[in-house]
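> Fold the following and give me the result.
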Amino acid sequence: MFSIIARLKQIATVVLFLLLPLTSMAAQEAQVKTVLIGFSGPLSGVSETFGKSLANAAEMALAETNRQSPRIGGQRVFYRLLRQDDRNDPQTAVAVAKYFLQEGVVAVIGTANSGTAQAVAKIYADAGVALVTPAVSASVLTEQGFGSFFRMIGHDDLAAANLLHYAIRVMNLRRFAVVDNGSLYGVAVSASVHEQVRQLGAQTVARERISYSTDLHQLVRRLKQRGAEAVFFGGYSSQAMLLAQVIQQEGGGLRLMVASMGAAGSTFLIAARSAANGVLAIESGVPTSFMPGWRRFEDDYNQRYGLNLYGLTPFAYDAAQVLMAAMRQCGCTRPRMIVETLRQIVIKGLTGPVAFDAAGNPRNQVFTIYQAQNQRWVPLQTYEDNPAPMRKRGESGESGDDAVAGRDARQP
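As a prediction, this is how the structure comes out:
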């Protein structure tokens, strides 16, 4: 009897010993670490749909990865996007940045305009937290040495050079009006456009600044009286939609040109309707028809969120992807290690290869020029960087047809 009991005890001990690792593994599996990634952008106001489109795309990327039960350094993780409305306001963006740091975010996707990015870039840099923007194009932001600032899109100087090369050399436009909205982005990109007009031998016949209280009808009449053939607008896409409608109401005769504002998407076409026809827009990246996986992304996005797709929306998706890839590569969620990894990482994204240079710009800055035609954005030309950088005022030399190397985006 005693021998039987002793034998049973031995068996129970062996079984318990065998089950202990399984119990430990189950407990470890149950301890899923939540990884917070911040999103800062306009989630209310005139740019609400734009900001939400960026946040939605980032959320999509995190959700897709979460369904795969991701691990970092052997630890199960769950990615969570912490959305905050910075209202496109620098002071609010600063408050959002401080909140994110208190909450322990490992990185931030945002902001959505250059003014808010300028206000918070140093805060994140001092904290060693990566700020990856899908929308900010002001050249100055990667010239100030903010070590944790990365942008997914090309900067304004290159966008202006390529857009004006096409407008002047290909479309033979000669007389331009240049209008901005007073924002950091608007002022900077408009200055670049004005300089490119001068360098390419054309003429700026008017320079104007507007606000939401400006009478756009009077503005358009004034520009037409001065003989402008085209008007470049540096500002927000919501303002560009209104300007396109006013140009149509005033009888046309002015070609609207915009750069790096995300206009080349369905939202602009739906809002501007027939007034969008003829609008010329330059955006970062190749045409969506050249993006592997675009159709699946577009279908998934529309099913989840509706039709609020902008030209910059897929770059927010890739911003989330590159952050998660950096964490996988470094095997941790420490913010400063993520920053260091971003400086050397290369991934294949929805928008194409994603990699950054030492300043935080895309290593290869690609732009495509589109024209709105019958509720479609038709790609006209794709440029890769700019082999002839902008010369500073006062430098000699001529800009010829080979100033920018491009390829016809209408051909596969």
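> Next up, the contacts around residue 189.
Contact partners of residue 189, counting by Cβ atoms under 8 Å, 6 or more residues apart in numbering, are 137, 138, 156, 159, 160, 180, 234, 259, 260. All C-beta atoms are positioned from the backbone trio N, CA, C, and that covers glycine.
> Export these as JSON lines, with columns for secondary structure and distance to residue 220.
Putting the contacts of residue 189 into JSON lines (DSSP: H, G, I helix; E, B strand; the rest coil; distance: Cβ to Cβ, whole Å) gives the following:
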{"residue": "137", "secondary structure": "coil", "distance to residue 220": "26"}
{"residue": "138", "secondary structure": "coil", "distance to residue 220": "27"}
{"residue": "156", "secondary structure": "helix", "distance to residue 220": "24"}
{"residue": "159", "secondary structure": "helix", "distance to residue 220": "24"}
{"residue": "160", "secondary structure": "helix", "distance to residue 220": "22"}
{"residue": "180", "secondary structure": "strand", "distance to residue 220": "16"}
{"residue": "234", "secondary structure": "strand", "distance to residue 220": "16"}
{"residue": "259", "secondary structure": "strand", "distance to residue 220": "19"}
{"residue": "260", "secondary structure": "coil", "distance to residue 220": "23"}
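> Same list, these, but as TSV with distance to residue 309 please.
TSV is the format used below for the contacts of residue 189 (distance: Cβ to Cβ, whole Å):
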residue	distance to residue 309
137	19
138	24
156	23
159	20
160	25
180	26
234	22
259	19
260	16
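> Please identify which of those residues is nearest to residue 344.
Residue 344 lies nearest to residue 137 out of the contacts of residue 189, by Cβ to Cβ, at 23.4 Å.
> Local confidence estimate at the closest residue to that closest one other than its chain neighbours?
The shortest distance from residue 137 to any non-neighbouring residue, by Cβ to Cβ, 6 or more residues apart in numbering, is to residue 260 (4.1 Å). Note for residue 260: predicted pLDDT of 88.
> residues touching residue 260, list them.
By Cβ under 8 Å, 6+ apart, residue 260 lies in contact with 137, 153, 154, 156, 159, 185, 189, 282, 283, 284.
> mind checking how far the third one is from residue 61?
When you say that, I think you mean residue 154. Distance of residue 154 to residue 61, computed by Cβ to Cβ, to the nearest Å: 21 Å.
> Buried residues, stretch 372-389. List them.
Of all the residues in stretch 372-389, those buried under the rule 16 or more other Cβ atoms under 10 Å are 372, 377, 379, 380, 381, 382, 383, 384, 385, 386.
> Could you verify my assumption that residue 204 touches residue 178?
Yes. Using Cβ atoms under 8 Å, residue 204 makes contact with residue 178 at a distance of 5.6 Å.
> Look at residue 290 and say how many residues are nearby.
16 (other Cβ atoms under 10 Å).
> ugh, wrong one, residue 68
Neighbour count for residue 68, taken as other Cβ under 10 Å: 7.
> now swap in residue 53 and tell me
Around residue 53 there are 29 other residues, counting by other Cβ under 10 Å.
> give the contact list for it.
Residue 53 makes contacts with 265, 267, 305, 308, 309, 310, 313, 316, as judged by Cβ under 8 Å, 6+ apart.
> what helix or strand is the last one on?
In other words, residue 316. Element membership of residue 316, judged by DSSP states H and E, is helix 313-330.
> ok, and for that helix, which residues are buried?
Buried positions in helix 313-330, judged by neighbour count with 16+ other Cβ under 10 Å: 313-330.
> Residue 218: how many residues sit nearby?
11.
> my read is it is in a helix, agree?
Yes. Residue state for residue 218 (DSSP: H, G, I helix; E, B strand; the rest coil) corresponds to a helix.
> any idea how far it lies from residue 131?
40 Å.
> any common contacting residues for residue 204 and residue 178?
Counting by Cβ under 8 Å, 6+ apart, the common neighbours of residue 204 and residue 178 are 194, 197.
> any idea of the mean pLDDT for stretch 316-324?
The pLDDT scores in stretch 316-324 average 98.
> With stretch 291-302 instead?
On average, the pLDDT along stretch 291-302 is 94.
> contact partners of that stretch?
By Cβ under 8 Å, 6+ apart, the surrounding residues in contact with stretch 291-302 are 56-57, 60, 285, 288, 309, 313-314, 317, 348, 350-352.
> Can you give me every residue that contacts the closest residue in space to residue 365 that isn't next to it in sequence?
Once flanking residues are discounted, residue 365 sits nearest to residue 154: 3.5 Å by Cβ to Cβ, 6+ apart. Counting by Cβ under 8 Å, 6+ apart, residue 154 makes contact with 137, 260, 284, 361, 362, 365, 366, 367.
> ok, now residue 137?
Listed by Cβ under 8 Å, 6+ apart, the contact partners of residue 137 are 114, 151, 153, 154, 155, 156, 159, 185, 189, 259, 260, 284.
> From residue 63, how far off is the residue most central in space within the chain?
By Cα atoms, centre = their mean, the mean C-alpha position of the chain lies nearest to residue 134, the distance being 2.0 Å. Separation of residue 134 from residue 63 (Cβ to Cβ): 17 Å.
> what does residue 156 give?
Note on residue 156: its distance to residue 63, by Cβ to Cβ, is 32 Å.
> where does the residue nearest to the centre of the chain land on pLDDT?
Predicted confidence (pLDDT) for residue 134: 97.
> my read: it touches residue 315, true?
Yes. Residue 134 lies in contact with residue 315 (Cβ under 8 Å); the separation is 3.7 Å.
> just curious, which of the contacts of residue 154 is nearest to residue 124?
Distance to residue 124 across these (Cβ to Cβ) is lowest for residue 361, with 16.9 Å.
> Report whether the expected contact of the closest one with residue 151 is present.
Yes. Checked against Cβ under 8 Å, the pair residue 361 and residue 151 is within contact range at 6.2 Å.
> on that earlier part again, nearest to residue 126, out of the contacts of residue 53: which one, please.
For the contacts of residue 53, the residue nearest residue 126 by Cβ to Cβ is residue 316; the value is 24.5 Å.
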